[in-house]
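Novice: just a sequence and a predicted model for now, questions to come.
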Amino acid sequence: MRKVLSLALLLASFCYLNAQTTRKGLQLVPSGKGYGVPASDDSQTNDIVNPYTVHTGNGINYHNGPVMPGTVNVYFIWYGNWVNGPKPSDTQTTVNLMNMLFGSSGLNGSGYEKINSTYGDNTHDVTGNLVLTQSITDSYSQGTRLSDNKVKSVVSRAISNGSLPKDTNGIYFVLTSSDVNETSGFCTRYCGWHTHATISGSDIKYSFVGNPDRCSSACEAQTISPNGDSGADGMASIMAHESEEAISDPDLNAWYDNTGQENADKCAWKFGPTTGTIGNGGYNETLAGLHWLIQMNWENARKGGCDQTLGGTFYNN
Amino acid sequence: MDCPSERRLSIYRLLNGIGCLILIVGMRPAASQEGHRIVTRTRLQVLFSDMENKWLNAIQTRDTNTLDGLQAETFEVWSPSVAAPTPREDSRKEAFSRKLISFRLEQLAVRAVRDDVAVVSFVLQQSFDIAGKAQNEKQFVVDVWEKKGDVWKCTDRYISDVPQPNRATNEVKPDGKQ
């Protein structure tokens, strides 16, 4: 009977462990002796620096899927006409601004992007490093009305014809000029989205972001913007949003809350304090030597909240 | 008849099996959702989603002050089942006459017609308590919102029932025999 009770206790322990939101007890950390040891209890007190520890209880939940480790490679597919399209932002100015934002001195390793380093899986933490690796253009290969499937075809075509490498640790952005509509709800339901799919036999993460000048009241926080290019400045925030989510929840099975919101969703259109006013070129980030108005991201630490930089003050709006 | 030790062994195996199963299930990643996508909602979608939710919460709590802040004085409800539009006060009386237990907004989309006019459409699922029984409704709603100064107010609401799927099964289908 005692053995039965012991086993029941063991079973209860399994259930208890299973129900715990902080899974650090199941993690191994390097012992320095060639084998891993369970993370010690005191590591739980530091939410930011302890590697490979899945911290929850901060308003967002972990669902056991992977995050994107290391330096994440970013690929741009400039779809449509980004030379002299119908809106003033359908130009190389926008291309150049996004190149700077996603270049090595932009979001890469910034205090802002490091907010994402509070997310991890059982083997990696997000680093907060991402860098634009390659850009290509696509002159309307799928027409001016894109369905979700056609967006996938744009990515698939770029990989299969060798224009872009097949990279499972990359994010492929399909960036459409203002004359292109994404027919599943661009401008009325969403400004962008991210997902993943099996392309050429690999799990490829990709995102759609349209030129928000197509619908400035829906997808831009301000039309007078820090870099004098409302389309580019609007895209900056949406692309930052998508990249954060694609990295922390690449297969849509890692990090989201009990309402299905991913980290950046929880801070969508919330900017925190700004220099200048929103609507008149206000900004809240300085990256690559330029000013940007970029939405905050949800920090998975200190009970959770939206902030502009890792360890910064949480703001509600 | 099993001896006590064999019974304990069986229980042991059973508990061990359940324990392992729970552990395996707990460690398994949630299914990867290929084909699904996560969107960045538009600024207007966030704004009007919040206001439509406030509206329905105000119906639940019979909060006329909040409704005053959301509905224009000239607010009217248009429905295919009623020839004339229902004025604001009458529409509130009608809404307050039933106990709204829960609601859900789906497929909310916002089209900005002008900077100061927006059309919001969504599917509204509501559950009412009618004499102790839950009654569900599903409607397609189109709201016209107008901005005056910094304040958005709804001027018109158009409602139509969403056909229930089981109705289709009652339809007479041609059998080719006439």
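Specialist: Arrived safely. Please read all numbers here as calculations on a predicted model, not as lab measurements. Numbers count the residues shown, from 1 in each chain, chains lettered A, B, ... in the order given.
Novice: and the nearest residue to A:Gly103 once chain neighbours are set aside, how many neighbours?
Specialist: Nearest residue to A:Gly103 in three dimensions, chain neighbours excluded: A:Leu132, at 5.7 Å (CB to CB, 6 or more residues apart in numbering or on different chains). Just so you know, the C-beta spots here come from the backbone N, C-alpha and C atoms, and that holds for glycine as well. A:Leu132 has 20 neighbours, counted by other CB atoms under 10 Å in any protein chain shown.
Novice: relative to chain B, how far out is A:Leu132?
Specialist: Taking CB to the nearest CB, to the nearest Å as the measure, A:Leu132 falls 20 Å from chain B.
Novice: secondary structure element for that residue?
Specialist: Element membership for A:Leu132 (DSSP states H and E) is strand A:130-138.
Novice: that strand - contacts with which helices or strands?
Specialist: Packing contacts for strand A:130-138, counted by 3 or more CB pairs under 8 Å, 6 or more residues apart in numbering or on different chains; DSSP states H and E, involve strand A:72-79, helix A:92-101, helix A:148-160.
Novice: apply 7 Å and report the result again.
Specialist: Counting by 3 or more CB pairs under 7 Å, 6 or more residues apart in numbering or on different chains; DSSP states H and E, the packing neighbours recorded for strand A:130-138 are strand A:72-79, helix A:148-160.
Novice: among the ones you listed, which is nearest A:Gly231?
Specialist: The closest of these to A:Gly231 is strand A:72-79. By CB to CB, the value is 12.4 Å.
Novice: how far away from the center of its chain is the closest one?
Specialist: 13 Å (CA atoms, centre = their mean, to the nearest Å).
Novice: swap in stretch A:203-217?
Specialist: 13 Å.
Novice: ok, it near chain B or not?
Specialist: Yes - using CB under 7 Å from any CB of the partner chain, stretch A:203-217 reaches chain B at A:215, A:217.
Novice: model confidence over that stretch, on average?
Specialist: Across stretch A:203-217, pLDDT averages out at 97.
Novice: show me which positions of it end up buried.
Specialist: Residues of stretch A:203-217 classed as buried under the neighbour-count rule (16 or more other CB atoms under 10 Å in any protein chain shown) are A:204-217.
Novice: mind checking how far the following helix or strand past the strand holding A:Leu132 is from the chain centre?
Specialist: Remark: after strand A:130-138, the chain's next helix or strand is strand A:145-146, criterion DSSP H and E. Counting by CA atoms, centre = their mean, strand A:145-146 is centred 24 Å from the centre of its parent chain.
Novice: quick check: angle from the strand holding A:Leu132 to strand A:72-79?
Specialist: 20 degrees (axes from the mean of the first three to the mean of the last three CA atoms, to 10 degrees).
Novice: can you list contacts of strand A:130-138?
Specialist: Strand A:130-138 has contacts (CB atoms under 7 Å, 6 or more residues apart in numbering or on different chains) with A:71-79, A:82, A:99, A:102-104, A:107-108, A:113, A:154, A:158, A:163-164, A:170, A:243.
Novice: show me which of those residues are buried.
Specialist: Taking 16+ other CB under 10 Å as the criterion, what is buried in the contacts of strand A:130-138 is A:71-79, A:82, A:102, A:107-108, A:113, A:154, A:158, A:164, A:170, A:243.
Novice: report how many residues lie close to residue 152.
Specialist: Since no chain was named, I'll use chain A. Using other CB under 10 Å: A:Lys152 sits among 22 other residues.
Novice: wait, I meant chain B there
Specialist: Using other CB under 10 Å as the criterion, B:Trp152 is surrounded by 20 other residues.
Novice: for B:Gln135, same thing?
Specialist: B:Gln135 - counted by other CB under 10 Å - has 12 other residues nearby.
Novice: so what's it bridging to?
Specialist: Beta-bridge partners recorded for B:Gln135 (DSSP bridges): B:Phe128.
Novice: was I right to think it contacts B:Phe128?
Specialist: Yes - proximity of B:Gln135 to B:Phe128 meets the contact threshold set by CB atoms under 7 Å, at 4.8 Å.
Novice: could you list the buried residues of stretch B:148-162?
Specialist: Under the neighbour-count criterion of 16+ other CB under 10 Å, stretch B:148-162 has B:152-154, B:156-159 buried.
Novice: just to revisit the earlier point, ok, the residue nearest to A:Gly103 to A:Arg145 distance?
Specialist: Distance of A:Leu132 to A:Arg145, computed by CB to CB, to the nearest Å: 28 Å.
Novice: could you do A:Asn284 as well?
Specialist: Relative to A:Arg145, A:Asn284 is positioned 35 Å away (CB to CB).
Novice: more neighbours: which of those two?
Specialist: Remark: of A:Asn284 and A:Arg145, A:Asn284 carries more neighbours, 23 against 10, as counted by other CB under 10 Å.
Novice: show me what from the stretch 101-250 of chain A comes close to chain B.
Specialist: A:148, A:185, A:187-198, A:215, A:217-219, A:221, A:238, A:241-242, A:245.
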